[in-house]
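Asker: A structural model of the following input is requested.
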Amino acid sequence: MSENKMLEDIVREVLKSMAGAPASQATTCQAPASTGLCPERDYPLASKRPELLRTPTGKTLSDITLDKIMSGEVKSEDVRITPETLRMQAEIADGVGRYQFGDNLRRAAEIVAIPDDRVLEIYNAMRPYRSTKPELLAIAEELEVKYNAKINAALVRESADVYERRNRLRAD
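Answerer: Now for the predicted structure:
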């Protein structure tokens with residue numbers, strides 16, 4: 001199978017899965033969330049509330065077609081997830097009691113604003129014995145100040161403390 005054919009098949013399956021779920025009847029939301037999303041009524045967002053979803057470049061789901069992908073009109077930066085979409089997904093997760101998953105999605109919403117290469121550098125710095133406590137605290141400060149990633153900054157600070165208690169910091 002050629003690479004183009006395989007890509008075409010994958011994109012066709014993704015588009016089919018995004019558009020294939022039928023709209024549901026109106027439901028009463030058992031766990032209304034802060035912005036009004038209701039898991040029973042609104043999930044999955046791609047099929048039940050596609051008007052809420054935009055790519056970082058402003059495209060809607062209906063703007064992303066196989067023809068546009070194959071012609072190069074839709075590029076990889078056009079299909080990245082946005083912080084807003086991740087926060088909406090977090091709200092849906094909270095609405096069904098999956099709070100840890102919701103917290104993970106909120107952390108991800110902060111991370112998408114950070115360049116990929118920096119995320120990888122931070123990931124490597126967070127591995128045991130790779131950083132000193134001051135280096136980890138500097139990363140936390142950078143996350144909070146430069147990227148407004150307060151949730152992730154708190155996680156890095158907590159990790160620095162845990163690594164210190166468990167003797168997992170790099171020796172100076």
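Asker: Now the phi/psi pair for N104, please.
Answerer: Main-chain torsions, N104, degrees, to the nearest 10: phi -60, psi -40.
Asker: For A90, see how far away it is.
Answerer: To A90, N104 is 8 Å away according to CB to CB, to the nearest Å. To be clear about C-beta, it is placed using only N, CA and C from the backbone, and glycine gets the same treatment.
Asker: Have a look at the two and say which one is more surrounded.
Answerer: A direct count of neighbours by other CB atoms under 10 Å for N104 and A90 places A90 higher, at 23 against 16.
Asker: which secondary structure element contains that one?
Answerer: Using DSSP states H and E, A90 falls within helix 83-95.
Asker: Also I139?
Answerer: helix 133-146.
Asker: Please name every helix or strand in contact with that helix.
Answerer: Packing contacts for helix 133-146, counted by 3 or more CB pairs under 8 Å, 6 or more residues apart in numbering; DSSP states H and E, involve helix 116-125, helix 150-165.
Asker: Dump the ones you listed into TSV; add mean pLDDT, distance to T85 and mean neighbour count as well.
Answerer: Shown next, in TSV, are those (pLDDT from 0 to 100; distance: least, CB to CB, whole Å; neighbours: other CB atoms under 10 Å):
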stretch	mean pLDDT	distance to T85	mean neighbour count
helix 116-125	97	18	12
helix 150-165	98	17	16
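Asker: What distance do you get for the spatially most central residue of the chain to E144?
Answerer: The centre of the chain sits closest to A108, judged by CA atoms, centre = their mean, with a distance of 4.2 Å. In this view, A108 and E144 are 17 Å apart by CB to CB.
Asker: And R168, by the same measure?
Answerer: R168 is 22 Å from E144, where distance means CB to CB.
Asker: what does P50 give?
Answerer: Distance of P50 to E144, computed by CB to CB: 34 Å.
Asker: okay, the two: which has more neighbours?
Answerer: Neighbours were counted for P50 and for E144 using other CB under 10 Å; E144 has more, 18 against 15.
Asker: Could you pull up the residues touching the more buried one?
Answerer: Neighbouring residues of E144 by CB atoms under 8 Å, 6 or more residues apart in numbering: 150, 153.
Asker: quick one: A93 and R87 touch, right?
Answerer: No. If you go by CB atoms under 8 Å, A93 and R87 don't touch, sitting 10.5 Å apart.
Asker: what do those two both touch?
Answerer: Both A93 and R87 are in contact with L105, where contact means CB under 8 Å, 6+ apart.
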